[in-house]
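Participant: Fold the following for me, if possible:
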Amino acid sequence: MRKLLSISLLALGVCLGACAPSVTPAPTPKAPPETAAREHADGIVVQANGSDAEAAKAAAKAEKLEALKKLLERLGKAENLKDAFSISEEIEDLGKDVKAELDAGVAALPPLPRIAGLRALYSAAGYDEAVKGLLAIVVAEGANDTRVAAAEVLGTLASERHAALLREAVNKQVFEPEVRVQLALALWNSARDIEAKKVLRSMLTSDNESFRIAAALALGETQDFTDAKPTLEILAGEPTVRGRVARRMLEWEKEIKRLEAILQGNTPGTPKVEKIDTRLLDSVQSMIQERYIYPDAVSVRKLIYAAAAGMLDGFDPYTCLLEDQQLRDAAEIQRFAVPSLGLTLGKVRIRPTRKER
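Facilitator: Presented below is the predicted three-dimensional model:
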């Protein structure tokens, strides 16, 4: 019997297993193919994991260097600063990768186009190299126009950390007045160094009129009109460009003074308004208004006059600041006083034991 029961259970288990739904295992995910991500490197699209990335970068660098070589050749032939700076803008578009080659190429250029090349070198992160290169043009012998132009550009590129270099150059290395004036301006514009103004003020005493004029105009650019004003006033009468500049500077001075006066509450041309303390008058006016039956029907002007009259009638400037004993003495004297402007003439013995007053 037990054997028969075991056989039956076994058969039942086989039947249930046959009827159960078959579960197929999940397919093993296939490994994704190597990513085909792409990235931008130096203007060339290359495979991120490609073996030719370095080769592509090298090719891009070679292309930039070839373009730089051609631009430097054009820059060396530039005859004026306008053309030179136009070409230097194209050099700036090449980026910082060509900094070393640009530094070497600019050094071989003539002074005039070299100014624009150094400006491009500054844009390529060659900050100190550009400043030192421009300063070398300023202190070297050459055309004053070129040196002045270099000093002008220098004033836009130099910073406070270059102040010592510029200070030494303006005091010990540059003596031509027009170049020295522009270099002093560069020192002021880049570092706000007071040594620049000292140099310009010293040139105002020169025997050469053109030197004095150049120094005065430079001081005007720094908005320091105190010492330069006499020269600027003379120039303002000229129908020339420098006369027009001088007139404009004098107008600046007037506007600056006007602004300072406004900030101090003293506008030129308008009388100063005295601040009057009306607290006592306001208090008396309020007291009258509170005691009036119809305060809203009272004329404001008459109310103010009434308050002022009441305040003045009760205000005695001769006794209001006296001590109590002095007030009592004054009251005794007033019994024998004659109405006047506040003075009592004569003498009286109020009590036999008191002194004459």
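Participant: Please count neighbours and contacts with C-alpha atoms only from this point.
Facilitator: OK.
Participant: residues in contact with residue 131?
Facilitator: Listed by CA atoms under 8 Å, 6 or more residues apart in numbering, the contact set of residue 131 reads 118, 154, 157, 158.
Participant: Select from those residues the one having the most neighbours.
Facilitator: residue 154 (29 neighbours; other CA atoms under 10 Å).
Participant: wouldn't it be in contact with residue 136 here?
Facilitator: No. Counting by CA atoms under 8 Å, residue 154 stays clear of residue 136, with 10.6 Å between them.
Participant: what's the farthest-apart pair in the contacts of residue 131?
Facilitator: Pairwise distances across these (CA to CA) peak at 12.1 Å, for the pair 118 and 158.
Participant: for the helix or strand harbouring residue 87, which positions count as buried?
Facilitator: Element membership of residue 87 [criterion: DSSP states H and E] is helix 81-92. Buried residues in helix 81-92, counting neighbours by 16 or more other CA atoms under 10 Å, are found at 81, 84, 85, 87, 88, 91, 92.
Participant: what sits against the second one?
Facilitator: Each residue near residue 84 by CA under 8 Å, 6+ apart is listed here: 75, 78, 113, 116, 117.
Participant: repeat that with 7 Å
Facilitator: The neighbourhood of residue 84, defined by CA atoms under 7 Å, 6 or more residues apart in numbering, consists of 75, 78, 113, 116.
Participant: Which ones among the residues you listed lie within strands?
Facilitator: Using DSSP state E, no member of these sits in strands.
Participant: Just give me the closest of those to residue 132.
Facilitator: Among these, and counting by CA to CA, the member closest to residue 132 is residue 116, at 13.9 Å.
Participant: So the closest one is in contact with residue 86, correct?
Facilitator: No. Using CA atoms under 7 Å, residue 116 makes no contact with residue 86, being 8.6 Å away.
Participant: biggest separation within the buried residues of helix 81-92, which pair?
Facilitator: Largest separation among the buried residues of helix 81-92 by CA to CA: 81 and 92, giving 16.0 Å.
Participant: Can I get stretch 106-120 in PDB? Just the C-alpha atoms.
Facilitator: This file holds the C-alpha atoms of stretch 106-120, laid out as PDB (Å, rounded to 0.1, in the frame of the first residue of the first chain):
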ATOM      1  CA  VAL A 106      57.900  89.700 -33.200                       C
ATOM      2  CA  ALA A 107      61.500  90.300 -31.900                       C
ATOM      3  CA  ALA A 108      62.700  90.300 -35.600                       C
ATOM      4  CA  LEU A 109      60.200  93.000 -36.800                       C
ATOM      5  CA  PRO A 110      61.000  96.600 -37.400                       C
ATOM      6  CA  PRO A 111      60.000  98.900 -34.500                       C
ATOM      7  CA  LEU A 112      56.700 100.300 -35.900                       C
ATOM      8  CA  PRO A 113      55.000  96.900 -36.800                       C
ATOM      9  CA  ARG A 114      56.600  95.400 -33.700                       C
ATOM     10  CA  ILE A 115      54.300  97.600 -31.600                       C
ATOM     11  CA  ALA A 116      51.200  95.900 -33.000                       C
ATOM     12  CA  GLY A 117      53.000  92.500 -32.800                       C
ATOM     13  CA  LEU A 118      53.600  93.000 -29.100                       C
ATOM     14  CA  ARG A 119      49.900  93.900 -28.600                       C
ATOM     15  CA  ALA A 120      49.100  90.500 -30.200                       C
END
